[in-house]
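1. Provide a 3D model corresponding to the input given below.
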Amino acid sequence: MNLTNPHKRYNPLADEWVLVSPHRSKRPWQGQQEKPAANTQPPYSETCYLCPGNERVGGETNPDYAGTYVFTNDFSALLPENEEDFSDPNPLFKAQPEQGICKVICFSPRHDLSLARMKTAQVRQVVDTWTNEYQSLGGNDFIKHVQIFENKGETMGCSNPHPHGQIWATRELPNLPARELLSQQNYLAEHKSCLLCDYLEEELKRGERIVFTNDSFVALVPYWAVWPFETMLLPRRHVGSLLELNNKEKDDLARGLIRMGIHFDNLFMTSFPYSMGLHQQPTDGGDYPAHHFHIHYFPPLLRSATVKKFMVGFEMLAMPQRDLTPEDCADRLRATPTTHYLEGA
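-> As a prediction, the model looks like this:
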């Protein structure tokens, strides 16, 4: 595909369009302008509230953990008990209570690491912890959706560099997962096949947006990507959640998470910021044959370690827009080394 003039691309998962303006990127790309960022974090920080043995802001003391560590968020955005009456006689002022559970998961006791710089066995433990938490939280009668995610870097509002993510389990299905589920269900009803299975099959044939593959997973820049280096990590086999992955697939997922992080970090030789999240089927006990488990990466960097994309103007008032094509971004990610730039530095 070599589209050079403005066009819209349809996102069948979210049922929305994105404006692509390739002609605005005809100027030569200069790559990163900064020197490679050094790793300035120590293995342990006495001021970090996530390091082993340290006191958290809520007053609890972390155990001397050696692998992953999960605890209930000291400042949870959701509460498990919430029956407050939000009713209003005017239909223009509609509200309803939301219940949920919020947890924090430390990926490693090492303050100076990220998923990109951890070993496969260590990241496999993260995958296993995600799986256990998805099953455990989803087992609550009032939980319908378990959102596992990671905000990496200050740009994404992460106030602590210690490698960690979050889990928000909610009573209702949030907006984006609900739209994606409906789109997948509609596609299955119309085409008698899985939307993301069909999409992945076609992407593998074309190859132009593939970043890398392994036996069980494929990393690609979606045809409809909004963020410059937005990517998806998709299982080759149709599964609805982590619970359906076998041991080989979980190992391959761990390898995929590491490699995706390496490609990101090597692109601008910096600790690449992003919001990453897992979309799994609802946990209300229902049957969801249309849902295909997948992982989204939404990174803000555009031209270098300091030049970011912002949603402003037309994008806030009308629709998303991008200059760099998904094909170009996939090519640049694919071309980066598979060894982290800090290794051996």
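
2. so how many other residues sit close to the closest residue to K144 other than its chain neighbours?
-> Leaving aside its sequence neighbours, K144 sits nearest to D284 (C-beta to C-beta, 6 or more residues apart in numbering; 4.6 Å). Just so you know, the C-beta spots here come from the backbone N, C-alpha and C atoms, and that holds for glycine as well. Number of residues near D284 (other C-beta atoms under 10 Å) recorded here: 14.

3. Over to H111?
-> 22.

4. wouldn't it be in contact with Q41 here?
-> Yes: judged on C-beta atoms under 8 Å, H111 makes contact with Q41 at a distance of 5.6 Å.

5. what is in contact with those two at once?
-> P161 (C-beta atoms under 8 Å, 6 or more residues apart in numbering).

6. quick revisit: in a helix, that's where the residue nearest to K144 is, yeah?
-> No: D284: not assigned to a helix; according to DSSP: H, G, I helix; E, B strand; the rest coil it is coil.

7. quick one, phi/psi of it?
-> Backbone torsions for D284, taken as degrees, to the nearest 10, come to phi -90, psi 10.

8. For T68, which non-adjacent residue is closest in space?
-> Using C-beta to C-beta, 6+ apart and skipping the chain neighbours, the partner closest in space to T68 is T129 (4.4 Å).

9. Correct me if wrong, but the one you found is in a helix.
-> Yes: counting by three-state DSSP, T129 is part of a helix.

10. OK, contacts around it?
-> Neighbours of T129 in contact, by C-beta under 8 Å, 6+ apart: T68, V70, I105.

11. Helices along the stretch 201-345 of the chain, start to end?
-> When assigned using DSSP state H, counting those that start in this stretch, the helices of the stretch 201-345 of the chain occupy the ranges 247-268, 314-317, 326-335.

12. How about the last one, which residues are buried there?
-> I take that to be helix 326-335. Of the residues in helix 326-335, P326, E327, D328, C329, A330, R332, L333, R334 count as buried by neighbour count, 16 or more other C-beta atoms under 10 Å.

13. Kindly report the same for stretch 226-239.
-> Neighbour counts over stretch 226-239 (16+ other C-beta under 10 Å) mark 226-236, 238-239 as buried.

14. That stretch: how far from the chain's middle?
-> Centroid separation between stretch 226-239 and its chain, computed with C-alpha atoms, centre = their mean, to the nearest Å, is 9 Å.

15. In strands, which of the buried residues of stretch 226-239 fall?
-> Among the buried residues of stretch 226-239, the ones falling in strands (DSSP state E) are T231, M232, L233, L234, P235.

16. The last one: what's it in contact with?
-> Residues in contact with P235 (C-beta under 8 Å, 6+ apart) are S216, F217, L245, E249, L253, H292, F293, H294.

17. count of residues packed around the third one?
-> Using other C-beta under 10 Å, the number of residues around L245 comes to 20.

18. Could you do the fourth one as well?
-> Each residue near E249 was counted by other C-beta under 10 Å, and the total is 21.

19. now swap in the second one and tell me
-> Close neighbours of F217, defined as other C-beta under 10 Å, add up to 24.

20. So it is in contact with D252, correct?
-> Yes: between F217 and D252 a contact is recorded at 5.5 Å, counting by C-beta under 8 Å.
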